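1. Sequence and predicted structure are below.
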Amino acid sequence: MKKPMMGLVAAGSGLILLIGTSGSLALWNDAATIDAGNVASGVLTVVATGGSWSQQLQHWVPGDSETYTAQVSVVAQGDNLKSQVTIDPSSITGDPQLLGALQITLSFGAATGGSFTPVAGQPNVYDVVPTDPNSATPIVAPVTVTVDFPADSVTGTEAQGETVQLGGMQFVLQQIAS
């Protein structure tokens, strides 16, 4: 490209940039304000309180089963909020053989303020359904965690003298895509 042509291209580019960055060439302008109100976010919380074991077993053997019952309170406030509650499996730790042999299940009793509905095909997963999705009134229900050590889950000396920590077990409440 020749020097005069390159100069014209550069000058044209500069003019376009100057016009593009200086806003509108109009001298008159106006703005209008609307009162669209506010946006208020919802709430999603879970609290577990109390609780006790049914038998207080200290040294489990194959065939044992015990339940832990507590109270759970969930606030699920939001027009289009869909949420589920389950046990966080990573919150249960311990020796792998015993941990692998135990079967841990979750269930909810009669609730007030809404319901906990089992999700088909997903063990230990419950849909959280508030009676009024715009209320901060909690859904309250007894929750039972059943721990089974099935008789046929181990052979020989598997899982003997091992420990599983349930003291840090957590319920996970999370919003799901709708």
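-> That came through fine. Numbers count the residues shown, from 1 in each chain.
2. In this structure P133 contacts S83, no?
-> No. At 10.3 Å, P133 does not count as touching S83 under the criterion of Cβ atoms under 8 Å. Where C-beta positions appear, they are placed from N, C-alpha and C, glycine not excepted.
3. shared neighbours, those two?
-> Shared contacts of P133 and S83 (Cβ atoms under 8 Å, 6 or more residues apart in numbering): A76.
4. which of those two has more neighbours?
-> S83 (18 against 15; other Cβ atoms under 10 Å).
5. got the contact list for the more buried one?
-> Under the criterion of Cβ under 8 Å, 6+ apart, the neighbours of S83 are L44, V74, A76, D127, V128, L173, Q174, Q175, I176.
6. Select the helix or strand of the chain having the lowest average pLDDT value.
-> When the helices and strands of the chain are scored by mean pLDDT, DSSP states H and E, helix 3-21 comes last with a mean of 56.
7. follow-up on the earlier one: will you turn the contacts of S83 into a markdown table that also has secondary structure, distance to G63 and neighbour count?
-> Formatted as a markdown table, these follow (DSSP: H, G, I helix; E, B strand; the rest coil; distance: Cβ to Cβ, whole Å; neighbours: other Cβ atoms under 10 Å):
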| residue | secondary structure | distance to G63 | neighbour count |
| --- | --- | --- | --- |
| L44 | strand | 39 | 16 |
| V74 | strand | 34 | 24 |
| A76 | strand | 39 | 27 |
| D127 | strand | 33 | 17 |
| V128 | strand | 34 | 25 |
| L173 | strand | 33 | 19 |
| Q174 | strand | 35 | 11 |
| Q175 | strand | 40 | 15 |
| I176 | coil | 37 | 12 |
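8. Nearest to G51 among these?
-> The nearest member of these to G51, counting by Cβ to Cβ, is V74 at 15.9 Å.
9. roughly how far apart are the closest one and V43?
-> 10 Å (Cβ to Cβ, to the nearest Å).
10. Would you map the strands across the protein?
-> 43-53, 65-77, 83-87, 93-94, 103-108, 114-118, 126-130, 139-148, 164-165, 171-175 (DSSP state E).
11. what lines up beside the first one in the sheet?
-> It stands for strand 43-53. strand 65-77 (antiparallel) (DSSP bridges).
12. The strand it pairs with to strand 139-148, inter-axis angle?
-> Interaxial angle, strand 65-77 versus strand 139-148 (axes from the mean of the first three to the mean of the last three Cα atoms, to 10 degrees): 150 degrees.
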